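Peer 1: Sequence first, predicted coordinates after that:
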2 protein chains.
Amino acid sequence: MLVPVDIKKVGRPPSNENQREVILNSAAELFARKGFDGASISDLAAAISQSKAAVYHYFPNKRQLCDAIIVQALATLVPRTQEQVSQASDAREQLRLFMLCHADQFETNRFGIITMLSGFDAMPESKTKQQANRLRDEHEALLRQIIRNGIDQQVFSPMDVSMAGRAVLSMLNWMARWYRPEGRLSARQIAAQYYEIICQGFVARS
Amino acid sequence: MLVPVDIKKVGRPPSNENQREVILNSAAELFARKGFDGASISDLAAAISQSKAAVYHYFPNKRQLCDAIIVQALATLVPRTQEQVSQASDAREQLRLFMLCHADQFETNRFGIITMLSGFDAMPESKTKQQANRLRDEHEALLRQIIRNGIDQQVFSPMDVSMAGRAVLSMLNWMARWYRPEGRLSARQIAAQYYEIICQGFVARS
DNA sequence: GTCTATATGGTGATAGAC
DNA sequence: GTCTATCACCATATAGAC
C-alpha cells in the first residue's frame, strides 16, 4: 500500500517541526526589535524557555536562522501578491491590490517582514541569499509590470517606471519603521491612503 | 586688548577639535555600514590608526558617540531646509526645495544621515534624544505646513496632511537603503523625480 | 532532543605610564 | 593626549551526559 508523503518534510532532519516554528517566530520578533547584532541566542533561548543548545539543534548558526526568517517572509509575500494582483485586469486596481497585499504583511507577519526589510542587505552570499534576491526581483518586476500596463492602457501618464516603482515600495517599506498595530489605522488602511495619494498626486485638478 | 572668542569652543573640553571630528566622521561611516551593534570601537580605532583609549578620551562611551552623530546630522539638515524653503512662497516650489534639500544630505553627509535614519529609534532617553526629537518634529512640521499652504493656495488638492507628509518622507528616507553616490542619478535628481511623481500622480489627465 | 558545562574570542571600558 | 595592558563580561558555538 502506498503511503502518502508530505514532500515538505522529505530531506528535513527528524526534528520537531513545531519547535522549529516556535524558534523562528520568537527569533523574528527579537531580530525585528533589536536587529541581527543586537539580538542574542541567549535572549532567544530565554524567550522560549529553552537552552541555547536547543536552538543550535534546529539551526546550525545564528546567520542561517535569520536568513531562514527573511526568505520565509519573502516566500509568503511574493506569491500571495501575485495571486491577488492576478484577480484584476485594470492597472489601477492591480496597483491597489499590490499595495494592500504588501502592507498586509505588517499585520499578518509583522516581525518576519521587518526582519526581512532590515536584514536583507546584510545577508552574506549564499544559496538562501540568491533565493531571496530572486523573490525580491520577482516582486519588483510585478510592480513595474503593473505600472507599464497602466501606461499602455492610458490610465497612467507616461513616466519612469522604475522610479515610480521605487516610490511605491519606499512608502510601503518605510512603514516598517513607524507602523504599530495598535494605531488608529490598519496597515491596509494606510496603504489604501497611500494608493490614493500616489494615484491622484498633490496637484489640484483644474 | 580684546581677544576674539570662538563661542563654539567655550565650555568645551580642552581637546583637539580636529581629532574629535575625525572620530565623528569615521564613526559615522562605520555605524552607517554595520549598525550600532555591528560596529565596534576596535574597528573605529583601527580605521583612524589610533588606540581605543584615544576614542574614549573624546567620548565617554559608544552610545554618546553615536548620539552625537545623530543630533549633528539633524542639526545640519533641519535649519538648512528651513532656510531653503523660506526662499520660495509658492507651495509647489517650497515642496520641491524641501525634497531637494533633504535628499542633498545623502551627498553632503551621507554616513551621518544614514546613521541618523537607522539609529534614531534606538536612542535611549537622554537630553540628546530630546534635542533630536525636537529637531525631527520641527522638520516634519515644516513639511506639513508646506502641504497646508498648498491646499490653502489651491495648488494642492485637499488631503490628509500628515499622511501626505509621511509619504514624502518615506520616499526620501528609504533612499538611505539603496542610494549610491556612484549611481546614474544624483540624490538631488532622484528627489526631483520623486517630486514630479508625487505632484502629478500616476493617473493620466483627461 | 534537550540539558549542563565549557571553549574561545571579541566587546566596551579603565588604569596608569609617558 | 595618546599609548599599552588589562579588566570583567557576554557572545557564538560545541561537547558530551542523559
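Peer 2: Cool, the structure landed.

Peer 1: okay, CA-based contacts and neighbour counts for the rest of this
Peer 2: Noted.

Peer 1: Run through chain A and note the low-pLDDT ranges.
Peer 2: Filtered on pLDDT under 70, chain A yields the residue ranges A:1-15.

Peer 1: For it, which residues are neighbours of DNA strand D?
Peer 2: A:37, A:39-43, A:52-53, A:56, A:60-63 (Cα under 7 Å from any atom of the strand).

Peer 1: repeat that with 6 Å
Peer 2: Counting by Cα under 6 Å from any atom of the strand, the residues of chain A close to DNA strand D are A:39, A:40, A:41, A:42, A:52, A:53, A:56, A:60, A:61, A:62.

Peer 1: just curious, which of those is nearest to residue B:106?
Peer 2: Distances from the residues of chain A next to DNA strand D to residue B:106 were compared by Cα to Cα; the smallest belongs to residue A:39, at 28.7 Å.

Peer 1: hmm, back to that, buried ones only from the residues of chain A next to DNA strand D, please, as a ChimeraX command.
Peer 2: Buried subset of these, written as a ChimeraX selection, criterion 16 or more other Cα atoms under 10 Å in any protein chain shown:
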select /A:39,40,41,62
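
Peer 1: Could you list which of the residues of chain A next to DNA strand D also contact DNA strand C?
Peer 2: Under the cut-off given by Cα under 6 Å from any atom of the strand, DNA strand C has residue A:53 from these close to it.

Peer 1: Is there proximity between stretch A:43-62 and chain B?
Peer 2: No - judged by Cα under 8 Å from any Cα of the partner chain, stretch A:43-62 makes no contact with chain B; its nearest approach is 14.2 Å.

Peer 1: The strand or helix carrying residue A:191: how far from the chain's middle?
Peer 2: Residue A:191 is part of helix A:187-200 when elements are defined by DSSP states H and E. Taking Cα atoms, centre = their mean, to the nearest Å, one finds helix A:187-200 lying 18 Å from the centre of the chain it belongs to.

Peer 1: In terms of secondary structure, what does that helix contact?
Peer 2: In this structure, helix A:187-200 packs against helix A:91-108, helix A:161-174, helix B:161-174, helix B:187-200, with contacts taken as 3 or more Cα pairs under 8 Å, 6 or more residues apart in numbering or on different chains; DSSP states H and E.

Peer 1: tell me which residues in it are buried?
Peer 2: By neighbour count with 16+ other Cα under 10 Å, helix A:187-200 contains the buried residues A:187, A:188, A:190, A:191, A:192, A:193, A:194, A:195, A:197, A:198, A:199, A:200.

Peer 1: Run a quick neighbour tally on the closest residue to residue A:149 other than its chain neighbours.
Peer 2: Among residues not flanking residue A:149 along the chain, residue A:91 sits closest, at 6.0 Å (Cα to Cα, 6 or more residues apart in numbering or on different chains). Residue A:91 has 22 neighbours, counted by other Cα atoms under 10 Å in any protein chain shown.
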